[in-house]
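Chemist: Task: produce atomic coordinates for the following.
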Amino acid sequence: MLAVRLVRLIENHIEQLSRDLSEKVWSSPRCSDLNKVPVKELEARTREIYRNLSDWLLDKTETQVERRYTELGAARAQQGVAYSHFVWAIIATKEHVRDFVEREGLSDSAMELHGQLELMHLLGQFFNLVLYYAAVGYENERNSIGGKQQRRKEDGQRKPT
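Modeler: Numbering: from 1, shown residues only. Next up, the predicted model:
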């Protein structure tokens, strides 16, 4: 499978891709709320995506993607990151990977072009799942936080008898 070769190319450039993406995300006003997340954590998440890309695209089940990204969505909600900033960071990650594949894929033949298109399709499917499950995790956590705040408010309004 030619897409595997392109995924390996991405994995071989983890540090460069992670550094470039981090700079892109941190300098974007659309992601400024991510400053609430510790820098080391953001760097680790960025490298995780690139390091595990072949596993995520070729071997992981939807259940595994669901578990990982609902956890991440919940974590960002707990950290108070604006949902729009969180989503934009995921979109920026997807675009960053796609740009790299387009730039480095160097499709000299129909077979290589086919492999590149196959990878783009897999990336699209993967990031669609990431966006969905991250949103589910974020919403669940925000609802949980809102419920706790509402219960505290109601407890505070009760008059002692």
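
Chemist: longest helix anywhere in this protein?
Modeler: Among the segments of the chain that qualify as a helix by DSSP state H, the longest is helix 110-157.

Chemist: and residue 81, what are its phi and psi?
Modeler: Main-chain dihedrals, residue 81, degrees, to the nearest 10: phi -70, psi 130.

Chemist: residues contacting it?
Modeler: 33-34, 36-37 (C-beta atoms under 8 Å, 6 or more residues apart in numbering). For the C-beta atoms, the positions are set from N, CA and C on the backbone; glycine is no exception.

Chemist: Going by distance to residue 24, which of those residues wins?
Modeler: residue 34 (11.6 Å; C-beta to C-beta).

Chemist: ok, now which ones touch the closest one?
Modeler: 25-26, 42, 81, 85-86, 89.

Chemist: now the residues you listed as JSON lines including secondary structure?
Modeler: Shown next, in JSON lines, are the contacts of residue 34 (DSSP: H, G, I helix; E, B strand; the rest coil):
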{"residue": "25", "secondary structure": "helix"}
{"residue": "26", "secondary structure": "helix"}
{"residue": "42", "secondary structure": "helix"}
{"residue": "81", "secondary structure": "coil"}
{"residue": "85", "secondary structure": "helix"}
{"residue": "86", "secondary structure": "helix"}
{"residue": "89", "secondary structure": "helix"}
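
Chemist: Lowest-confidence member of those, which is it?
Modeler: Here the lowest pLDDT out of the contacts of residue 34 sits on residue 26, with 80.

Chemist: per-residue confidence at the spatially closest residue to that residue that is not a sequence neighbour?
Modeler: Spatial nearest neighbour of residue 26, chain neighbours left out: residue 34 (7.1 Å); criterion: C-beta to C-beta, 6 or more residues apart in numbering. At residue 34, the model reports a pLDDT of 90.
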